[in-house]
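Engineer: Following is a predicted model, sequence given first.
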Amino acid sequence: AQRVTQPEKLLSVFKGAPVELKCNYSYSGSPELFWYVQYSRQRLQLLLRHISRESIKGFTADLNKGETSFHLKKPFAQEEDSAMYYCALRGNTPLVFGKGTRLSVIA
Amino acid sequence: EAGVAQSPRYKIIEKRQSVAFWCNPISGHATLYWYQQILGQGPKLLIQFQNNGVVDDSQLPKDRFSAERLKGVDSTLKIQPAKLEDSAVYLCASRSSGGANGELFFGEGSRLTVL
């Protein structure tokens, strides 16, 4: 079975502080991992995917198969990063989402 | 490029009534999904269409939920009769068929409240 766990419902950090949003997954095959973001009053949208190995808005995420993790990181948080972040996994079924973490960046 | 369109944005009904949601995906996107998002949880897949065929409806409560995509473009999700636990945001998403890692594009969602 495919499962995504985001252990933190809410993460509050000060502006300029580092951010790490945790994501762990359960899947026996080779997964495709994604981070989706939902800003206030906007629709859910793709932030980044592991296969692209890119940095988007200063965020990066590395797939660690040994630890079955795909944590989202940013060295210096900005106020505009405040949003809901969802980790998602595609294995042999359509995208499965975690419950989400609300990131609040305090000025 | 126009995004995924959904209507209505909000709907309030009483339990045992019926409701229908409509979705128009991005032009040319062959794959369409309906997700249910209950407050405080992540989106949960209800059904996936490829053109006008159902690919995955294993998590669709078929005794009360139905969905169709007759011409392979627009889709309708219906709930009849509604229960209190159906209160949620119903998200429609679409994806082009090009590449397994194709991004999902989401609509704004239809928020259902069942009283």
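Structural biologist: Ah, there it is.
Engineer: Surely A:Ala107 is in contact with A:Glu80?
Structural biologist: No: counting by CB atoms under 8 Å, A:Ala107 sits too far from A:Glu80 to count as a contact (11.0 Å). To be clear about C-beta, it is placed using only N, CA and C from the backbone, and glycine gets the same treatment.
Engineer: give the contact list for the nearest residue to B:Gly109 once chain neighbours are set aside.
Structural biologist: With CB to CB, 6 or more residues apart in numbering or on different chains as the criterion, B:Gly109 has its nearest non-adjacent residue at 4.3 Å, and that residue is B:Val89. With contact taken as CB atoms under 8 Å, 6 or more residues apart in numbering or on different chains, B:Val89 is in contact with B:36-37, B:109-112.
Engineer: nearest to chain A, of those residues?
Structural biologist: Among the contacts of B:Val89, B:Gly109 lies closest to chain A (CB to the nearest CB), at 7.3 Å.
Engineer: That closest one and B:Gln37 touch, don't they?
Structural biologist: Yes: the pair B:Gly109 / B:Gln37 is scored as a contact, 7.3 Å apart, by CB under 8 Å.
Engineer: Overlap of the contact sets of these two?
Structural biologist: By CB under 8 Å, 6+ apart, the residues touching both B:Gly109 and B:Gln37 are B:89-91.
Engineer: for B:Glu85, helix, strand, or coil?
Structural biologist: helix (DSSP: H, G, I helix; E, B strand; the rest coil).
Engineer: mind checking how far B:Cys92 is from B:His29?
Structural biologist: Distance of B:Cys92 to B:His29, computed by CB to CB, to the nearest Å: 11 Å.
Engineer: Looking at those two, which one has more neighbours?
Structural biologist: B:Cys92 (25 against 18; other CB atoms under 10 Å in any protein chain shown).
Engineer: Specify the next element, helix or strand, located C-terminal of the host helix or strand of the more buried one.
Structural biologist: If you go by DSSP states H and E, B:Cys92 is part of strand B:88-95. Beyond strand B:88-95 on the C-terminal side, the first helix or strand identified by DSSP H and E is strand B:105-106.
Engineer: which is the next helix or strand following that next one?
Structural biologist: Following strand B:105-106 toward the C-terminus (DSSP H and E): strand B:110-114.
Engineer: got the buried residues for that following strand?
Structural biologist: B:110-112, B:114 (16 or more other CB atoms under 10 Å in any protein chain shown).
Engineer: so B:Gly102 makes contact with B:Ser94?
Structural biologist: No: assessed by CB under 8 Å, B:Gly102 is found out of contact with B:Ser94, at 9.6 Å.
Engineer: shared neighbours, the two?
Structural biologist: B:Thr31.
Engineer: Pick out whichever of the two has more residues nearby.
Structural biologist: Taking other CB under 10 Å, B:Gly102 and B:Ser94 do not tie; B:Ser94 has more neighbours (26 against 15).
Engineer: Go ahead and confirm the more buried one touches B:Asn24.
Structural biologist: No: using CB under 8 Å, B:Ser94 is not in contact with B:Asn24; the gap is 9.0 Å.
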